[in-house]
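J.: Here is a sequence together with a model predicted from it:
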Amino acid sequence: MNDKSSSLTKRSWFTIVFFGLMGQIAWNVENIYFNTFLYNSVYEKGAAAGEPPVTKAIAIMVALSAATAVVTTFLMGTLSDRINRRKAFISVGYIAWGAVTAAFGLISKENVAAVTGISDPAKVLTFTVWTVIIMDCVMTFMGSTRHDSAFNAWVTDVTSEGNRPLVETVLTALPVVAMGVVAGLGAVVVNTGYPLFFLMLGGTVSVCGVIGLFTIRDSKTGVARGEKRKTGYFSELVYGFRPRVIADNSRLYLALCAVCLFSVAGQVFTPYIVIYLQHVILPATGELFTSGVIAPAAAGIAVLAAGIAAVMLTAKKWGREKALIVAAALFTAGLFLTAYGKNAGTFILCAAPMGAGYIPLIILLNASVRDLTPEDNVGLFQGVRMIFTVLLPMVIGPAIGDIAIRSSSVGYINEYGVEATVPTALMFTCAGAVGALVFIPVIALNVLKLKKKSGSPAADGNT
């Protein structure tokens, strides 16, 4: 256990909340609106003959973006540990991240055709799709440098075991707030179009980077500045893969496995969820503000709140590991139930248990990962963390979702007379099957904790 005070300064709280929220807004826009940008703008007239379907293009973009995020985090996380200056990585990363986001406003099939001189519609579509994918990867490099490599490590630097559950609760609430903000930004897309939307968002993110230059303070933990590390840079890149390191930190890797599995489950449907709501749930609902929607929504909110409270009370009374079992049960059951939500009201009600399990899972598992990460090598483990939390989920999850959608394909004829593929409820059932696997590492964490209490050598992993 580290010896940092359990109380954080106002400056630290400002950095955690402000930059955590802005980072989540930017990530949400990338994870949601870049997908709808492909679906609604680039593929507005459908795919040309021989072109991959839009869901396949989305899956490819998500997977390559995830791979970029992981490679970036390994390189820049290790570098930030060696330099021990997270502030520069956060601020400069924000500024560059915003600039690249703004550049998305310039991408269109018309602009691609004008710049490249290509006139064949199929080739223009291909070139445009790959331009979006490559630019997404460039943006991910900037964002991962800022968020995954530096900000996450900085939060671990400045927090302690005493305040991490509270910090993780706040950080977990931020994506929910960000989703509300991003949903509101959808009105901007409708009213102004994608070019102005991306320009406004990118400019805002870059301004945040400039603010960070004046507000963020580097922690004094880790290797002191000016002190040389005893191992080489490239040796540190593979540090987290060494068998001895894995054995010494067995509980950390079990927690990462649990994060990985529930993240895979989430990524089965997350890239397609807005499209599913737009073309399946909302058309089947009719008027939103009716008793048939409001009553189930109110019940869903009550289930969500009660589920979260039950999990957190379990954590307080019987410990984090047992609470994870309750959270995993709610999450998995909710995924299966969500497939039966046929309109807005029933969808919210059925999805409530999923949220009641998902939110505590994030809070408890992320707190565990921070607690179990060796304090003097925080940056070295950020790349490993990204493999479990980003690369595997974002490669495997969308691919499963794509298969589920195309195997039970439902289409509609859009305004251009082209049949477009629509996501189906089967993706939630597949997500539930993956979510059930979360029980394996969660139960193993409980077993290791019991062995640790009994003094068994098998529980010698990092605490």
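T.: Sure, I can see it. In this text, all values refer to a predicted model and were calculated from it rather than measured experimentally.
J.: Looking at stretch 446-463 now, give me its mean pLDDT.
T.: Averaging pLDDT along stretch 446-463 gives 60.
J.: Distance-wise, check Val390 relative to Leu261.
T.: 14 Å (C-beta to C-beta, to the nearest Å). The C-beta positions use only the backbone N, C-alpha and C, and glycine is treated the same way.
J.: pLDDT weak spots in the stretch 351-463 of the chain?
T.: 376-380, 382, 408-421, 450-463 (pLDDT under 70).
J.: How are the strands of it distributed by residue range?
T.: 410-413, 419-422 (DSSP state E, counting those that start in this stretch).
J.: how about Ala344, what does it touch?
T.: By C-beta atoms under 8 Å, 6 or more residues apart in numbering, the contact list for Ala344 reads Ile281, Leu282, Thr285, Leu288, Val293, Ala297.
J.: Was I right to think the fifth one contacts Leu349?
T.: No - with contact taken as C-beta atoms under 8 Å, Val293 and Leu349 are classed as non-touching, separated by 9.9 Å.
J.: Which of these two has more residues huddled nearby?
T.: Leu349 (24 against 20; other C-beta atoms under 10 Å).
J.: In contact with that one, which residues?
T.: Per C-beta under 8 Å, 6+ apart, neighbours of Leu349: Pro296, Ala297, Ala299, Gly300, Val303, Gly341.
J.: hmm, back to that, what subset of the contacts of Ala344 is buried?
T.: The neighbour count (16 or more other C-beta atoms under 10 Å) marks Ile281, Thr285, Val293, Ala297 as buried among those.
J.: Chain neighbours aside, what residue packs nearest to the last one?
T.: Distances taken as C-beta to C-beta, 6 or more residues apart in numbering put Ile348 closest to Ala297, at 4.7 Å, once the chain neighbours are dropped.
J.: And the third one, by the same measure?
T.: Beyond its immediate neighbours in the sequence, the residue positioned closest to Val293 (C-beta to C-beta, 6+ apart) is Gly345, lying 4.0 Å away.
J.: which secondary structure element contains the one you found?
T.: Taking DSSP states H and E as the definition, Gly345 sits inside helix 344-372.
J.: Can you give me the buried ones in that helix?
T.: Buried residues in helix 344-372 (16+ other C-beta under 10 Å): 344-372.
J.: Over to stretch 315-327?
T.: Ala315, Arg320, Glu321, Lys322, Ala323, Leu324, Ile325, Val326, Ala327.
J.: Can you pull out the residues in contact with it?
T.: With contact meaning C-beta under 8 Å, 6+ apart, stretch 315-327 is reached by 258, 310-312, 314, 356-358, 360-361, 364-365, 367-368, 439, 442-443, 445-446, 449.
J.: what do you get for stretch 204-215?
T.: Stretch 204-215 is touched from outside by 11, 14-15, 18-19, 22, 26, 87, 90-99, 101-102, 146, with contacts defined as C-beta under 8 Å, 6+ apart.
J.: then it to CSV, C-alphas only?
T.: Extracted in CSV, the C-alpha atoms of stretch 204-215 (Å, rounded to 0.1, in the frame of the first residue of the first chain):
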residue,chain,number,x,y,z
THR,A,204,-13.0,22.6,-27.8
VAL,A,205,-10.7,19.6,-27.1
SER,A,206,-7.6,21.5,-28.2
VAL,A,207,-8.5,24.4,-25.9
CYS,A,208,-8.7,21.9,-23.0
GLY,A,209,-5.1,20.9,-23.8
VAL,A,210,-4.0,24.5,-23.5
ILE,A,211,-5.8,24.8,-20.1
GLY,A,212,-3.9,21.7,-19.0
LEU,A,213,-0.6,23.4,-19.5
PHE,A,214,-1.5,25.7,-16.6
THR,A,215,-3.5,23.5,-14.3
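J.: what comes up buried for it?
T.: For stretch 204-215, by 16+ other C-beta under 10 Å, it's Val205, Ser206, Cys208, Gly209, Ile211, Gly212.
J.: Now do it: distance to the chain's middle.
T.: Counting by C-alpha atoms, centre = their mean, to the nearest Å, stretch 204-215 is centred 22 Å from the centre of its parent chain.
J.: for it, what is the average pLDDT?
T.: For stretch 204-215, the per-residue pLDDT averages 89.
J.: Mark out where each domain of this protein begins and ends.
T.: For the chain, the structural domains run 10-219+232-237, 242-463, going by automatic domain parsing.
J.: Can you find the helix or strand in the chain with the smallest mean pLDDT?
T.: Here the helix or strand of the chain ranked lowest by mean pLDDT, DSSP states H and E is strand 410-413, holding a mean of 55.
J.: got the contacts of Ala344 as JSON lines, with pLDDT columns?
T.: Below are the contacts of Ala344 laid out as JSON lines (pLDDT from 0 to 100):
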{"residue": "Ile281", "pLDDT": "84"}
{"residue": "Leu282", "pLDDT": "79"}
{"residue": "Thr285", "pLDDT": "71"}
{"residue": "Leu288", "pLDDT": "68"}
{"residue": "Val293", "pLDDT": "76"}
{"residue": "Ala297", "pLDDT": "78"}
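J.: Secondary structure and distance to Arg242 added to these, as JSON lines?
T.: Formatted as JSON lines, the contacts of Ala344 follow (DSSP: H, G, I helix; E, B strand; the rest coil; distance: C-beta to C-beta, whole Å):
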{"residue": "Ile281", "secondary structure": "helix", "distance to Arg242": "47"}
{"residue": "Leu282", "secondary structure": "helix", "distance to Arg242": "50"}
{"residue": "Thr285", "secondary structure": "helix", "distance to Arg242": "53"}
{"residue": "Leu288", "secondary structure": "coil", "distance to Arg242": "54"}
{"residue": "Val293", "secondary structure": "helix", "distance to Arg242": "54"}
{"residue": "Ala297", "secondary structure": "helix", "distance to Arg242": "50"}
